[in-house]
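# What shape does this take:
(2 chains)
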Amino acid sequence: MDRMDYIRNFSIIAHVDHGKSTLADRLMEFTGAVEEREKKDQLLDTLDIERERGITIKLQAVRLKYRADDGNDYTLHLIDTPGHVDFGYEVSRSLAACEGALLLIDATQGIEAQTIATFWQALEQDLEIIPVINKIDLPSADVERIKEQISDVLGLDPDEAILASGKAGIGIKDILEAIVNKIPPPKGDENKPLKALIFDSYYDPYRGAVAFVRIFDGEVKKGTRIRLMSTGKEFEVTEVGAQTPQMTQFETLKAGDVGYIAAAIKDVRDIRIGDTITDAKNPAKEPVPGFRPAKPMVYAGLYPTGSTLFEDLRDALEKYSINDAALTYEMESSPALGLGFRCGFLGLLHMEIVQERLEREYDIELITTAPNVIYKVVTKKGEELEVRNPAQMPDPSVIDKILEPYIEASIITPNDFVGAVIQLVQEKRGIQKAFEYIDKKTVLLRYDIPMAEVLFDFHDKLKTATRGYASFDYEFKDYRPGELVKMDIKINGEIVDALSFIVHKDKAYRVGRNIVDKMREVIPRQLFEVRIQAVIGSKVVASARVAPLRKDVLAKCYGGDITRKKKLLEKQKKGKKRMKQLGKVELPQEAFLSILKAE
Amino acid sequence: MIKGIYVHIPFCSLKCPYCDFTSITVDNQNLFKEYIKAVLKELRMYRNWGFNLQTVYFGGGTPSLLPPEMIGEILEGIRNTVKSMPVEVTVEVNPETYRYQQFKRLRESGINRISIGVQTFQDRMLKMLGREHSVKDSLQAIEEAFDAGIGNISVDLIYGIQGQTVREIERDLKILEKLPVKHVSAYMLTAYEGTPLGQLVKEKRYFLPDEETVNEMFLIIDSFLEERGFLRYEISNWAKTNYQCKHNLFYWEREEFLGIGVSAWSFVKSKRFGNIKNLSIYLKRIKENKKPVEFVEFIDADEEKKEKIFLGLRLRKGIELNLVKGKEEFLKRLENEGLVEIRNGRVCLTPKGVLVSNYISAELI
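As a prediction, this is how the structure comes out:
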């Protein structure tokens, strides 16, 4: 038999919290990839921040050795996939590297929107799907209902589903046997020119930017001169290998293999996810199809505050972005906030992650402005402009029309909450496209919604409206004209450009009122009065006032306890860390995000 | 050189509902004696440190719960150990405790200054504070202390009590004016977390007057006293010329001082250190011949600068401008709002600025 007959490449498709990482850990343990003593929970999630949030952001690939019941030794490549809507494209590239996938469904929750979206992607790529019903050991598990969904919603044979519990270690061997027996071995020709699909990358201080690849054809080893097919850039390979789960160097990677390539590449941006690596001396004719450069969907301003200087932030962004090719940033200046960066993110979660990691790992103090989508403005002269910052919206007198991005949203909800979901989506200017029952109790809704509307606490509201039962997935659809206006916020009579935002005309008054009230709540009293106004052009829509602070505590400083007094003052000072000075007024970070909560 | 010694007397006959200092309610002469011995033993552990003793301050708790002889005994012990004569020796006195005879004995033991916890001259307000004494007690104590030859009398006032009016403050000040008092400390009633008062305020069962009223009270106290020759030399302290409390000034001017007794604080050789707060553990440590210190903070150049700023701002004379370089814009705004005065290379708080001194200090440190 051929070498490739003993290779299996697979992913795990699952909704957040359905237990993917735990299952991956069990597979590694069972196959001996992980010694008990080095076991941390959820090995695949490398970064602390991911561990804290219980989600996976950077995907990686692990090589497992498994001796199957047929007596043969197999090499299994488990390719991890990120579990959030922001990273849909990365998921699609991971799937493209596989021949099969485990479709993991939580026996207590049932199928969720995201699972279906990824399932469809997997089907389009002709992957062999193995349904796995997880968490069957929990008292609230409802296996029969899940089987019904597998049959009705996914059109798969429910009898094929493996019953498992990652936590309790149930069904692990069945899963491994199914991987070997059901998922086809990779196809490819190691004698053809090198063709390797990049499905992930990261920056390693010793190896430089490292590409995780699936080799479709050919072979790559140390010394191979490689070419990135989208840019034509060439590098010489310094190391190839795979994660076992440690980074382990190998002689060579051949057709069918999954592993990593290092080539002393300084910039992680040179390794674009979805791009194809080939041999510069003997290049492939065509790349692996499906490459598209990562495109930010959401923009926000990041500004230094407290003791952080602009230079500190620039250095931090430079260092951070070598490990996050999806982040884009360009310098901008705001009259209110000074010098900072307009940053592009894949989505809101991505933005939060970037912000947190900058603060945590680079000790940066940040003010983040409210995120916005990219608007397209057609001027009366017929020019089309892309507006990434509401403050830069041209004067209404020169605007012919404003176009805003729409998404196609899929929402799965128990039918008890359908009314609440429809009401919410209508408030968000959604247009219904489909309404179908996926089982007796569960409805799948499809809506076109302006993307700006889901930036603003849509997820939270959906969860609240459905007591946490609904799930949500989306993809970008198109640009459509909208009745949009720019709203400015004035603080003590001055427009704060960083607080400007775009809002639908019909909602302008309500949003203006809410944002002003919200800001009054979050702006602490200070030595000077703070007047807040929401305005459209010169028209004041809403206003509020924060009365000045007149009194602190003048208490006895007891028996020379200066330390305690100092601690109190330092605490008070620290409370101001995330404040931004605007003229006389100090605004806390929350004020900049009030717009997110203003509806 | 250590210029001041603070002696903490942690005993009270009743714990005031707003107090968050270390004290226990006890009246046990044997325990008092044991404590005095411990305090003097503690002092001896420091006898080789450099002293240039000028002040001694007995604070509490309620030092006047001890008979004057015991206080005299401690002072005697301090003199013998340190081998110098302090020029200012203060004892905090509750109005209901000492009378003429006790004050006389204090005087004879070398105590030349008392600070009386009057708090308010309205019986109604004393009840609101949960105090044991009456206004009559206060007046009597002041008069008899003066008659006994203690010329340097300070009075503690508290303002911002539930139901207190600005008029009542004015009445207090008019009474105060006629008394032989050289020094006034006035504090805002503060509902600290963890105190009974803090709990009551949190549960909305005790209502502090609104901010504007409390501010007016401070401004009235300040202008009334200033007009009558009591100068506000520190954020909550007013004194006639030459009657400023030297001991407290050592705190604000960052002179070295040693605190002895349970929970007392010291500042010596660039270190701030605090004693154990629990009395029985304190006594045990002393018995074992160990210093009863449980907290030490080393004051480096950064900390020193911060301290100079926020401590200096408490004083009438304020701080040198070069301590707050880079904050000129902020100071300018404060000046425009009438919160600070900038003059001759120094900046100091105005009465209005005193009211937001924490805010200003937090910004400047």
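# Identify the residue of the stretch 101-250 of chain A closest to chain B, quick one.
Chain B sits closest to residue A:205 of the stretch 101-250 of chain A, with a gap of 32.4 Å, by CB to the nearest CB. In this view, the C-beta of every residue, glycine as well, is placed from N, C-alpha and C.
# actually the stretch 351-500 of chain A, not the one I typed
Of all residues in the stretch 351-500 of chain A, residue A:492 sits closest to chain B, at 12.5 Å by CB to the nearest CB.
# where's that residue relative to residue B:215, distance?
Separation of residue A:492 from residue B:215 (CB to CB, to the nearest Å) stands at 23 Å.
# Contacts only, for the residue lying closest to residue A:428 once chain neighbours are set aside.
Once flanking residues are discounted, residue A:428 sits nearest to residue A:453: 3.9 Å by CB to CB, 6 or more residues apart in numbering or on different chains. Neighbouring residues of residue A:453 by CB atoms under 8 Å, 6 or more residues apart in numbering or on different chains: A:428-430.
# ok, residue 205 - how many residues close by?
Just so you know, I chose chain A. Using other CB atoms under 10 Å in any protein chain shown, residue A:205 has 6 other residues around it.
# if you could check chain B rather than the one you did, that'd help
Using other CB under 10 Å, residue B:205 is surrounded by 9 other residues.
# Could you list the low-pLDDT ranges of the stretch 451-599 of chain A?
Low-confidence segments of the stretch 451-599 of chain A (pLDDT under 70): A:456, A:554-559, A:575-578, A:596-599.
# now do the stretch 251-365 of chain B
For the stretch 251-365 of chain B, no range has pLDDT under 70.
# do the same with the stretch 51-200 of chain B
In the stretch 51-200 of chain B (pLDDT under 70), no residue qualifies.
# Would you map the strands across the stretch 251-365 of chain B?
For the stretch 251-365 of chain B, the strands defined by DSSP state E, counting those that start in this stretch occupy B:256-260, B:265-268, B:271-275, B:293-298, B:319-320, B:340-343, B:346-349.
# Do I have it right that residue A:99 meets residue A:182?
No: the pair residue A:99 and residue A:182 does not pass the contact test of CB atoms under 8 Å, sitting 9.9 Å apart.
# host element of residue B:172?
Secondary-structure element containing residue B:172, defined by DSSP states H and E: helix B:166-177.
# Give the buried residues for that helix.
The neighbour-count check on helix B:166-177 (16 or more other CB atoms under 10 Å in any protein chain shown) flags B:166, B:168-169, B:172-173, B:176 as buried.
# Please apply the same query to stretch B:180-192.
Neighbour-count burial for stretch B:180-192 [16+ other CB under 10 Å]: B:181-191.
# just stretch A:419-439 next, same as before
In stretch A:419-439, counting by 16+ other CB under 10 Å, buried: A:420-422, A:424-425, A:428-430, A:438-439.
# next one: stretch A:532-546
Using 16+ other CB under 10 Å as the test for burial, stretch A:532-546 gives A:532-536, A:541-542, A:544, A:546.
# Tell me the span between the first and last residue of it.
8 Å (CA to CA, to the nearest Å).
# which residues are contacting that stretch?
Here stretch A:532-546 has contacts from A:396, A:485-491, A:493, A:495, A:508-509, A:511-513, A:515-517, A:519-520, A:523-526, A:529-531, using CB under 8 Å, 6+ apart.
# can you do 6 Å?
With contact meaning CB atoms under 6 Å, 6 or more residues apart in numbering or on different chains, stretch A:532-546 is reached by A:485, A:487-490, A:509, A:512-513, A:515-516, A:519-520, A:523, A:525, A:530-531.
# now it: how far from the chain's centre is it?
35 Å (CA atoms, centre = their mean, to the nearest Å).
# Check stretch B:194-206 too.
Its chain's average C-alpha position is 24 Å from that of stretch B:194-206, according to CA atoms, centre = their mean.
# again, but for stretch B:20-31
Here stretch B:20-31 is found 19 Å from its chain centre; the criterion is CA atoms, centre = their mean.
# Any residue of it touching chain A?
Yes: applying CB under 6 Å from any CB of the partner chain, one finds stretch B:20-31 in contact with chain A at residue B:21.
# before we move on, back to that, out of the buried residues of stretch A:419-439, what pair is the most spread apart?
A:429 and A:439 (29.2 Å; CB to CB).
# Can I take it that residue A:580 is in a strand?
Yes: looking at residue A:580 with DSSP: H, G, I helix; E, B strand; the rest coil, it is inside a strand.
# can you pull out the helices in the chain?
If you meant another chain, say so; for now it's chain A. With DSSP state H, the ranges of helices along chain A come out as A:20-30, A:48-53, A:88-96, A:113-124, A:143-152, A:172-182, A:310-321, A:348-362, A:418-427, A:451-455, A:458-465, A:508-522, A:562-574, A:589-592.
# that's the wrong chain, I meant chain B
Along chain B, the stretches classed as helices by DSSP H are B:29-44, B:68-82, B:100-109, B:123-129, B:135-147, B:166-177, B:196-202, B:211-227, B:246-252, B:279-287, B:301-312, B:328-336, B:351-354, B:357-364.
# Comparing residue A:99 and residue A:182, which residue is more hemmed in?
Neighbour count, other CB under 10 Å: between residue A:99 and residue A:182, residue A:99 has more, with 23 against 15.
# my read: that one touches residue A:183, true?
Yes: here residue A:99 reaches residue A:183: they are 5.3 Å apart, a contact under CB atoms under 6 Å.
# Distance to residue B:237 for the buried residues of stretch A:532-546 - can I get that in JSON lines?
Shown next, in JSON lines, are those (distance: CB to CB, whole Å):
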{"residue": "A:532", "distance to residue B:237": "40"}
{"residue": "A:533", "distance to residue B:237": "44"}
{"residue": "A:534", "distance to residue B:237": "47"}
{"residue": "A:535", "distance to residue B:237": "49"}
{"residue": "A:536", "distance to residue B:237": "54"}
{"residue": "A:541", "distance to residue B:237": "51"}
{"residue": "A:542", "distance to residue B:237": "47"}
{"residue": "A:544", "distance to residue B:237": "40"}
{"residue": "A:546", "distance to residue B:237": "33"}
